[in-house]
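Novice: sharing a model prediction with you, sequence too.
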Amino acid sequence: GKLDAWGYYYGEMYTPGYGNYYFYLSDKGFDEYGGCYPNGNYYRFDIYAPLAENPDHVQIPVGTYTFDPEDTYAIGTFSSYYSGYFTTDAEGWQNEMIPYEEGTLTVTEDGMVAELVIQGETVRLEYSGDYALINEASDNLSTLTGDLEISFGEDCLAIYANYEDYYDCGYSNWYIQMINSDGVG
């Protein structure tokens with residue numbers, strides 16, 4: 001049957017100078033939130049490639065990507081740590097991830113072919129058609145761009161933490177949560 005494609009593009013968030021494409025092929029597909037469907041086969045690829053040419057319609061750049069058991073995260077590879085195969089049970093829950101032993105993913109203008117070795121068996125996947133990865137790349141990781149005044153009731157609980165430059169992007173990462181004590185609003 002026809003395979004479905006789904007995933008995220010993180011730009012150079014984790015890999016300065018080149019792009020990270022976190023991508024799935026599946027025989028059952030995905031819901032609108034990227035959730036898996038029951039009794040499916042899911043193949044995940046953590047791909048490192050040149051930056052996306054079109055940020056409004058992100059696709060994996062044309063080329064051949066090879067499985068990288070050393071996890072060097074080099075351009076032209078997909079990692080072993082974040083790539084792998086899993087099935088879903090009758091409720092759609094993910095079963096244990098099975099690592100690839102070797103493989104290639106060849107991306108062309110009109111599709112892609114993956115040849116993978118999983119538990120000693122060679123699996124060939126073919127995908128054709130249009131797809132676009134969800135673009136999570138951003139120059140500014142915050143949506144807060146100025147002062148913000150929030151009106152709360154008498155009792156308000158505020159929790160905050162500073163994770164310093166957690167994502168190694170040159171900015172300080174703050175986590176702030178404010179809650180009305182009555183749980184409303």
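Specialist: Sure, I can see it.

Novice: go through the lowest-mean-pLDDT helix or strand in the chain and flag the buried ones.
Specialist: Every helix and strand in the chain was compared by mean pLDDT, DSSP states H and E; the lowest is strand 174-180, with a mean of 75. Under the neighbour-count criterion of 16 or more other Cβ atoms under 10 Å, strand 174-180 has nothing buried. Placement of C-beta: from N, CA and C, glycine included.

Novice: how about that strand as CSV, C-alpha atoms only?
Specialist: Taking C-alpha atoms only, strand 174-180 is exported to CSV below (Å, rounded to 0.1, in the frame of the first residue of the first chain):
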residue,chain,number,x,y,z
TRP,A,174,13.4,31.0,31.1
TYR,A,175,10.4,28.8,32.0
ILE,A,176,7.6,30.8,33.6
GLN,A,177,4.2,29.6,34.7
MET,A,178,1.5,31.7,36.4
ILE,A,179,-1.7,30.1,37.8
ASN,A,180,-4.8,31.5,39.5
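
Novice: can you list the strands that it pairs with?
Specialist: strand 156-162 (antiparallel) (DSSP bridges).

Novice: and for the partner strand, what are the contacting residues?
Specialist: Ser172, Asn173, Trp174, Tyr175, Ile176, Gln177, Met178, Ile179, Asn180, Ser181 (Cβ atoms under 8 Å, 6 or more residues apart in numbering).

Novice: quick check: mean pLDDT of it?
Specialist: Taken as a whole, strand 156-162 has a mean pLDDT of 79.

Novice: how about it, which residues are buried there?
Specialist: Buried-residue list, strand 156-162, by 16+ other Cβ under 10 Å: empty.

Novice: can you give me the strands in the chain?
Specialist: Shown for the chain, the strands assigned by DSSP state E span residues 4-11, 19-26, 41-49, 63-68, 77-79, 84-87, 102-108, 111-118, 121-128, 134-135, 156-162, 174-180.

Novice: how far out from the middle of the chain is the last one?
Specialist: Put plainly, it is strand 174-180. Mean-position distance between strand 174-180 and its chain equals 26 Å (Cα atoms, centre = their mean, to the nearest Å).

Novice: and what of stretch 44-56?
Specialist: Distance, centroid of stretch 44-56 to centroid of chain: 10 Å (Cα atoms, centre = their mean).

Novice: same check, this time on stretch 67-78
Specialist: So, by Cα atoms, centre = their mean, the centroid of stretch 67-78 is 16 Å from its chain's centroid.

Novice: many thanks, I have nothing further to ask.
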